[in-house]
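# Quick one, fold the following:
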Amino acid sequence: MIKKIGIGFILSILTTIAGSYLYMEIVMKNGFEASWQWMLDTGNQGMILSLGAIPNLLLFFVFLRRKEEYKARGVMLGVILVALMVFGSKVF
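Prediction:
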C-alpha cells in the first residue's frame, strides 16, 4: 500500500517537472534557458509550477480508470505538495 502511494507520488512529481519543462520550451517561445531566466527574474515560479501540474489530472484519471486507487492517492499527495510550493512562493 505505502509502496503504491509512493509510486504515484513520484510519478506526480516527475509529471509536474515534465509539464513545467514542456510549458517553458513550447509555449513561451523563448526556449528553455531564456524562460528559466525570466522565471527567476520575475519570481513567477508558482505560475510555472501550477501550469506544469495540469498533466497530473490526466495521470490521476488514468490510475482511477485502471482501478489503482492507491497510486491515485499518491498523485493527489504530489498535487498537494505542488500547491503548497506555489502558495509558499506567493507568500514569501
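# Isn't residue 8 up against residue 63?
Yes. Between residue 8 and residue 63 there is a contact under CB atoms under 8 Å: 6.6 Å. For the C-beta atoms, the positions are set from N, CA and C on the backbone; glycine is no exception.
# between those two, what contacts are shared?
71-72, 75 (CB atoms under 8 Å, 6 or more residues apart in numbering).
# So which of these are in helices?
71-72, 75 (DSSP state H).
# Run through the residues that contact the residue most central in space within the chain.
By CA atoms, centre = their mean, the chain has its centre lying nearest to residue 16, at 2.3 Å. Counting by CB under 8 Å, 6+ apart, residue 16 makes contact with 49, 52-53, 55-56, 78, 82.
# go with 7 Å
Counting by CB atoms under 7 Å, 6 or more residues apart in numbering, residue 16 touches 49, 52-53, 56, 78, 82.
# Same list, the residues you listed, but as a markdown table with neighbour count, pLDDT and distance to residue 31 please.
Listed next are the contacts of residue 16 as a markdown table, based on neighbours: other CB atoms under 10 Å; pLDDT from 0 to 100; distance: CB to CB, whole Å:
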| residue | neighbour count | pLDDT | distance to residue 31 |
| --- | --- | --- | --- |
| 49 | 20 | 89 | 19 |
| 52 | 20 | 90 | 17 |
| 53 | 23 | 92 | 22 |
| 56 | 21 | 95 | 25 |
| 78 | 23 | 95 | 27 |
| 82 | 21 | 93 | 24 |
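# So which of those is the closest to residue 26?
residue 52 (11.9 Å; CB to CB).
# Check the gap between the closest one and residue 79 for me.
11 Å (CB to CB, to the nearest Å).
# Quick check: chain neighbours aside, which residue is closest to residue 1?
Using CB to CB, 6 or more residues apart in numbering and skipping the chain neighbours, the partner closest in space to residue 1 is residue 70 (5.7 Å).
# Cool, thanks, talk later.
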